[in-house]
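Novice: Fold the following and give me the result.
(chains A and B)
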Amino acid sequence: MSGMFVHNLRLGAASLRRNVLLTTLMIMSIGFGVAASMVTFAVFRAVSGDPIPQKSSQLFVPLIDNRGPQYNRRGEPPSALNYVDAVALMRAHKAVRQTMLYPVGLSVMPDDPHRMPFKAPGYATYGDFFNMFEVPFLYGSGWNDAEDEAREPVIVISRDLNQKLFGGNNSVGQRLVLDDKQYRIVGVTNKWDPKPRFFDTFSGNAYADPAQIYIPFTYAIAQHIDTRGNNNCGSDGKRGDTWDSWLQGECVWINPWVELNNAEQVQAYRQFLDGYAREQREAGRFNWAPNNRLRNVREWLDYQHAVPPESRISMTLAFGFLLICLVNTIGLLLAKFMRRAPEIGVRRALGASRGDIYRQFLAEAAMVGMAGGVLGLVFTAIGMLGLGMVFEPQIARLARLDASLMLLTLLVAITATVVAAFYPTWRAAQVQPAWQLKSN
Amino acid sequence: MQIKPILSALRRHKAGTFLIAAQIALTLAIVCNALFIIQQRVAHLSEPSGIDEPNIFVIKSEWVGAPGPDQADAQMREDLQVLRQVPGVQNVTPSNSYPLRGDGWDDAIRLKPDQVQDTSGATIYFADENFIDTLDLKLIAGRNFRPEEIGHMDLRYKLAPPVVIITKALAEKLFPGETAVGKTIYLIGGPATVVGEVELLQAQSVEHWASDFAYRSVIIPERLNVSLGAFYIVRTRPGQLETAMPAAVKALFAHNPRRVINEDDGVLPFSEVRSRAYESDRGMAILMGVICAVLLAVTAAGIVGLTSFWVGQRRKQIGVRRALGATRRDILNYFMTENLLISVGGVLFGAVLAIAINLWMVTRFEMHHLSMVYLMGGVAMLLLLGQGAVLAPALRASRVPPVEATRSV
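Specialist: The predicted structure is shown next:
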């Protein structure tokens, strides 16, 4: 059997060499089609992936409609919370874990006067953040509830910032001055940068540079540290015009996250949210029925359109392109195989079965597919370099040509070509031995 | 030219005919939509900003130490003085944003104080009396702000300036057919009198969600003091942008080092702002262009390949026809017409498919409806492509000598 297989491959190779133009056309066509599909798929895979697969069904965004039907958008509550609701959810403590967060940027003044001051981007959040999102630590750990409660000026810094400021040494316990305020370092995170950054899509930071600092939300509020992200106020005018009245106003700017481990907990949390909204109504703050949402990570990313439309459009068109390349391949294979009708006739007359013809021609197609796949890999690699021209750099750099993509490229090329070869092969196998011999 | 014999010949090559037609149909469907996307994106990125782009750069200066509003305003005014002294600088203005920046402050505009729904959304640009000259906007009615009208406000303070300048696009939306100057509009914090109207000033966001109010902007006579920092929009004298940019940064640091001007995007010439704002549009246009070109090449190659095969298969028949008196031209015409028939079938089906794909994209990606011009253009392009591709094999067929009729294979 394997001897036959090798024999078939030899026959195939000889035939491919015989008709260089058609063979080249087919290989180029498959190579282009596969490469276009793979490059756009690599981008799509990078932006549509689950950023936290082990927990994405347990992490939820609770949203509360504080605008009402008159001012909300298409009946949806705004995509973040105001300070009042954020604090209420933290106080209620109804989830297994919960955190609020908003983006901040604090200035670092290096001791070395020759180095420029820079902004360290990060988040004001609660101690639960690190456990909820499974942030890996290089040194130390996050802070605890007591430190949240006491508004302690503690800080967790990233591995990169630790490298920059402390040369990579364990800096836990050291002091760090940011915007003239002194913080005590309690932890250094290891490399951690989930993409898309599901917990901060509200401020358009899904693909932003990694965070470098994390400070307690309570301390940030006490120090009037402004959000560096979005602040969505709606048209109802209840905004406030000082720091304190703004905190009490209805502008939303805080991202809420809760961890719920099973369906009962989810159900209970929904009831809690509705109960809270009803209380607010009774208190006269809302004059509408509860209109809350509780979405897990995947539902949230979908709702926030974390996958850029460019990625979907280009992938759709690229697969359409692959389809055309395959139709093209069917035509060329048909031409190639039927040109050999006399040869098939002779082989059949000499006792080759239809099965033999099938095996021979499919082996030949698989070789074309293989060659197309290898060429496709080269084109894919070139395409990856050119991605920066097509997608925004933050997105382009996410796409990688890794082993799985290389394997997929070859697999798609071979499978597609073999599938495309079925019809031409069937036609070839239909050749009547007698007729071909007679016409000669 | 007899069409009937061609049709009966095609009936004997159903598979090949179908494959070429299908390929032409799919190619048409994709090329039409791709070209249409290119046109849409190119039109989008060619929209004018209304400002003197070649001579403008923007500095994003972030404060160290989160100063309060009054201190931030004092620092900002000092910075403006410093920037004015920089050689090559013609004018400078502070703002919260600038066209094409991406995000910023958008707000509701109403015509009555008790109105529930907004009359329009608008981009809010904070400005001083130098804003119009710095951006080189054209004042088409009313007047510029007077220096004494310029106030300063905290980010959270009520947005209720006594006077504003608005763009023509907003004026037309709010007061169709009338002059806006002298009229009152209601911002979120209260009423404001329109004192001037500028011709054109693009919004800070060119994203789809902001397209409703793309050119509707309101200019507020206040310096916005944010503890985070400010944008300084600088206009240089022609040709001095390159030298003024680093000099401006150096002067700012020399005056007050307690600031952050980011290395990546702290100082941007407007050309860079533009290219960043339209990155994804340009990218899509390039990608679609490449796909179109390769696709047309692949389709042409497929036609050449299959037709060559047919010619090879029919050498004997061609020889017989030539022997019976058909001219070379007749043979050439035969294959050209054959291809035309297949192509017409393909483009008819392809046109339907193109419209279907477009409708799907309209619902899925909020795209526009395919213009018929593109469909017609695509049809013409593919018919020409088919004829061009078939020319070489058809010429080869026409050179088959009559003597071929007497040969066996």
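Novice: can we go C-alpha only for contacts and neighbour counts from here?
Specialist: Will do.
Novice: And what about B:Leu159, helix, strand or coil?
Specialist: Three states are possible here, and by DSSP: H, G, I helix; E, B strand; the rest coil the one that applies to B:Leu159 is coil.
Novice: Provide a list of residues in contact with the closest residue to it other than its chain neighbours.
Specialist: On the basis of CA to CA, 6 or more residues apart in numbering or on different chains, the spatially nearest residue to B:Leu159 that is not a chain neighbour turns out to be B:Gly189, at 4.6 Å. Residues counted as contacts of B:Gly189 (CA atoms under 8 Å, 6 or more residues apart in numbering or on different chains) are A:237, B:158-160.
Novice: Now rank these by neighbours and give me the top one.
Specialist: Using other CA atoms under 10 Å in any protein chain shown as the neighbour test, these are led by B:Leu159, with 21 neighbours.
Novice: what about residue 363, how many neighbours?
Specialist: Assuming you mean chain A. By the other CA under 10 Å criterion, the neighbourhood of A:Ala363 contains 23 residues.
Novice: My question was about chain B, not that one.
Specialist: If you count neighbours by other CA under 10 Å, B:Thr363 ends up with 10.
Novice: and the chain, what are its domains?
Specialist: Using chain A here. Residue ranges for each domain of chain A read A:2-50+A:309-439, A:59-303, as given by automatic domain parsing.
Novice: if you could check chain B rather than the one you did, that'd help
Specialist: Looking at automatic domain parsing, the domains of chain B come to B:4-45+B:280-406, B:65-257.
Novice: So the first one, near chain A or not?
Specialist: Yes: under the criterion of CA under 8 Å from any CA of the partner chain, domain B:4-45+B:280-406 makes contact with chain A via B:16, B:19-20, B:22-23, B:26-27, B:30, B:280, B:282-284, B:286-288, B:291, B:294-295, B:298-299, B:301-302, B:305-306, B:309-310, B:313, B:365.
Novice: Name the residues that touch stretch B:13-21?
Specialist: Stretch B:13-21 is contacted from outside by A:327-328, A:330-331, A:334, B:10, B:302-303, B:306, B:342-343, B:345-347, using CA under 8 Å, 6+ apart.
Novice: If you count neighbours, what's buried in it?
Specialist: B:15-21 (16 or more other CA atoms under 10 Å in any protein chain shown).
Novice: Stretch A:232-246 now?
Specialist: Neighbour-count burial for stretch A:232-246, counted by 16+ other CA under 10 Å, picks out A:232-241, A:243, A:246.
Novice: could I get those residues as JSON lines with pLDDT and secondary structure?
Specialist: Supplementary listing: the buried residues of stretch A:232-246 in JSON lines, determined by pLDDT from 0 to 100; DSSP: H, G, I helix; E, B strand; the rest coil:
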{"residue": "A:Asn232", "pLDDT": "87", "secondary structure": "strand"}
{"residue": "A:Cys233", "pLDDT": "86", "secondary structure": "coil"}
{"residue": "A:Gly234", "pLDDT": "78", "secondary structure": "coil"}
{"residue": "A:Ser235", "pLDDT": "74", "secondary structure": "coil"}
{"residue": "A:Asp236", "pLDDT": "72", "secondary structure": "coil"}
{"residue": "A:Gly237", "pLDDT": "70", "secondary structure": "coil"}
{"residue": "A:Lys238", "pLDDT": "79", "secondary structure": "coil"}
{"residue": "A:Arg239", "pLDDT": "81", "secondary structure": "coil"}
{"residue": "A:Gly240", "pLDDT": "78", "secondary structure": "coil"}
{"residue": "A:Asp241", "pLDDT": "78", "secondary structure": "coil"}
{"residue": "A:Trp243", "pLDDT": "86", "secondary structure": "helix"}
{"residue": "A:Trp246", "pLDDT": "88", "secondary structure": "helix"}
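Novice: Out of these, which are close to chain B?
Specialist: Filtering the buried residues of stretch A:232-246 for proximity to chain B by CA under 8 Å from any CA leaves A:235, A:237, A:239-241, A:243, A:246.
Novice: Flag the shaky bits of the chain, pLDDT-wise.
Specialist: Unless you meant another one, I'm taking chain A. A:1-4, A:16, A:434-440 (pLDDT under 70).
Novice: oops, I was thinking of chain B
Specialist: Looking along chain B with the criterion set at pLDDT under 70, you get B:1, B:407-409.
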